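J.: Curious how this folds, go ahead:
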Amino acid sequence: MAFISPDRSNLPKATTVIGGAPAKGSGDTHAHVYPATGEVTSEIRMSDASDVDKAVAAAQAAFPEWRAMTGDKRRDLMFKLAALIEARADEMTPLLTYENGSILLAGPHMSADAAQKFRYFGGWADKIEGRAIETWGGPAHDYVRYEPYGVVGVIVPWNGPLFAATMVLAPALAAGNCVVLKAPENAPYSLMKLVELIGEAGFPPGVVNLVTGGGDVGAAMVSHPGIGKIEFIGSGGTAKKILASAADTLKPVGLELGGKSAVIVFGDADLQAAAKRGLTGAVSANGQGCVNGTRLLVERSIYEPYLQMLQAMAGYIKVGDPLAQDTVMGPVISESALNRIQSMVEGGVSDGARVVVGGERMGGDHEAGYFLPITVLADVSPDSHIARNEVFGPVLVVTPFDSEEEAIALANDSDYGLGAYIHTTNLARAHRVANRMMAGQVQVNGSGEAMTPCVPFGGMKHSGHGRLGGIEGLREFQQVRNVWINLQD
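T.: Just a heads-up that it's a prediction; the model follows:
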């Protein structure tokens, strides 16, 4: 059965938006490839360093007005944008699929989530306040103000560009910053549409500017002296380069990086629910989510039954055309990504793991695209390469444990610390284990529900620093000013 082809007539055109003016970039042409079929959707003109210069200048010019705008007016603009995103979700949904192979089924949720972020942080825009401090050293009035940075550079990844960008844009704008946003060259469409909607909502020109491109465009943003802060969501390897470059201008950098999130399944867990949620690590974002639970630690007393459940449930997950309404999992982003993932699976088997299900590239109707079925490897050594490194594909590795202490030690024995998941019906154990997890976000009997705008999200260790979401997310885009006034006569 032939796959549905993208409707090229509805693709957004402006890869660069500077000062509210949409245009094509000044850089090279990039052929965007649809991961489900390997076909080119469009030839996109990328931005370059000269576009970054113009975008920063436009943001700097817009900043005084945006900063001076009262919180209620910023709030109303963000509420208007939220309503517009919801009203135009039918336009956004297919773009999310075209750009990276995300399933059509997830599109409405992604649009609703984006709208909620602008609505939540719009609610903070009119509530930004300082505090007075009782000090000593003579009669004085001392107070603290929270101020925007000015221009914030936002660099997001291809696996969930709309989700990642709105996670940063909403608090940055609420705090009074202007933004230069980079769309990834291999998944640009949703952000091109988002910036289009920002203009329609009535944001002043230059408050949000768009550039589209690869590492060269990101590098130009990081090194630009006119950008006050960089927020980067992506890989640890790229983060190291960004930090080295940002040192030249001494600009702060917020990082949300990769993960190898542990899923601990205790013997007293609801086994069926834990298996269903365990599979989400391979299914969510087609297995390409930074916080996905992909390292399953299972108590030995239920180890084999749990594996059998994973195997059985995997057979009911429809993998195929992401534009079909009943598809649950789509392709990975590219041929090179698929080859890398398969190489890691082969390495895991060579290290002693056994394949419970999956493992081979899908053929037949799926042959032209980049499809790997849900792959589960059992008996994975905690010291093996595949157990310690992010796969970023629909692959789960499963390891048994014998005690609570061992489970905690295995979960924390990782360079990463983004997420952790615990499955148990014992409330005391849930609190006890959660409080010992070296991860920025811990979910008990969950598999992603905590990712809402009102809670802080971010990592520990090599998974980054800083938080997005909640009041902590707003503070990431504010600087602190202390004012001391001498009241001595």
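J.: which residues touch Val52?
T.: When the contact criterion is CB atoms under 8 Å, 6 or more residues apart in numbering, the partners of Val52 are Val180, Val211, Val217, Ala220, Met221, His224. Heads up, the C-betas are built off the backbone N, CA and C, glycines and all.
J.: Quick one: the strands in the stretch 101-250 of the chain, in order.
T.: In the stretch 101-250 of the chain, the strands defined using DSSP state E, counting those that start in this stretch lie at 131-133, 140-148, 151-155, 178-184, 208-213, 229-233.
J.: Let me fix that, I meant to ask about the stretch 301-450 of the chain.
T.: Secondary structure of the stretch 301-450 of the chain by DSSP E, counting those that start in this stretch: the strands cover 354-357, 375-378, 395-401, 416-417, 419-423, 441-444.
J.: Could I get these in a markdown table, plus columns for mean pLDDT, distance to Glu43 and mean neighbour count?
T.: Formatted as a markdown table, the entries for the strands of the stretch 301-450 of the chain read as follows, by pLDDT from 0 to 100; distance: least, CB to CB, whole Å; neighbours: other CB atoms under 10 Å:
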| stretch | mean pLDDT | distance to Glu43 | mean neighbour count |
| --- | --- | --- | --- |
| strand 354-357 | 98 | 39 | 16 |
| strand 375-378 | 98 | 34 | 25 |
| strand 395-401 | 98 | 33 | 24 |
| strand 416-417 | 98 | 37 | 26 |
| strand 419-423 | 98 | 38 | 29 |
| strand 441-444 | 98 | 39 | 21 |
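J.: Arrange the strands of the stretch 101-250 of the chain in a markdown table, one row each, with mean pLDDT and mean neighbour count as further columns.
T.: Shown next, in a markdown table, are the strands of the stretch 101-250 of the chain (pLDDT from 0 to 100; neighbours: other CB atoms under 10 Å):
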| stretch | mean pLDDT | mean neighbour count |
| --- | --- | --- |
| strand 131-133 | 96 | 10 |
| strand 140-148 | 97 | 15 |
| strand 151-155 | 98 | 28 |
| strand 178-184 | 98 | 28 |
| strand 208-213 | 98 | 28 |
| strand 229-233 | 98 | 25 |
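J.: Just send those strands back as CSV, with distance to Ile317 too.
T.: Supplementary listing: the strands of the stretch 101-250 of the chain in CSV, determined by distance: least, CB to CB, whole Å:
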stretch, distance to Ile317
strand 131-133, 51
strand 140-148, 45
strand 151-155, 32
strand 178-184, 27
strand 208-213, 33
strand 229-233, 27
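J.: which stretch among those strands comes nearest Ala23?
T.: strand 208-213 (9.9 Å; CB to CB).
J.: Helices of the stretch 201-350 of the chain, start to end?
T.: In chain order, the stretch 201-350 of the chain shows helices spanning 215-223, 236-246, 271-283, 303-314, 335-350, with DSSP state H, counting those that start in this stretch as the criterion.
J.: Pick out the residue nearest the middle of this structure.
T.: Within the chain, one residue has its C-alpha closest to the average C-alpha position: by CA atoms, centre = their mean, that is Ala164, at 4.1 Å.
J.: Report the spatially nearest residue to that residue, omitting neighbours in sequence.
T.: Closest residue to Ala164 in three dimensions, ignoring its sequence neighbours and counting by CB to CB, 6 or more residues apart in numbering: Val156, at 3.9 Å.
J.: can you tell me which residues contact the one you found?
T.: The neighbours of Val156, taking CB under 8 Å, 6+ apart as the test, are Ala164, Ala165, Val168, Leu181, Lys182, Ala183, Pro184, Leu191, Ile233, Gly234.
J.: Now do the same contact list for the residue nearest to the fourth one when sequence neighbours are not counted.
T.: Going back to what we said before, that points to Leu181. When the adjacent residues along the chain are set aside, Leu181 lies closest to Val154, with 4.7 Å between them (CB to CB, 6+ apart). With contacts defined as CB under 8 Å, 6+ apart, the neighbours of Val154 are Ala165, Val168, Leu169, Ala172, Val179, Val180, Leu181, Lys182, Ile230, Glu231.
J.: Pipe those residues into a markdown table and attach distance to Lys260 per row.
T.: As requested, those are exported to a markdown table (distance: CB to CB, whole Å):
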| residue | distance to Lys260 |
| --- | --- |
| Ala165 | 24 |
| Val168 | 23 |
| Leu169 | 28 |
| Ala172 | 28 |
| Val179 | 31 |
| Val180 | 31 |
| Leu181 | 28 |
| Lys182 | 26 |
| Ile230 | 24 |
| Glu231 | 22 |
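J.: quick one: which of these is nearest to Ala82?
T.: Leu169 (11.8 Å).
J.: Can you tell me the closest non-neighbouring residue to that closest one?
T.: Nearest non-adjacent residue to Leu169, counting by CB to CB, 6+ apart: Val179, 6.1 Å away.
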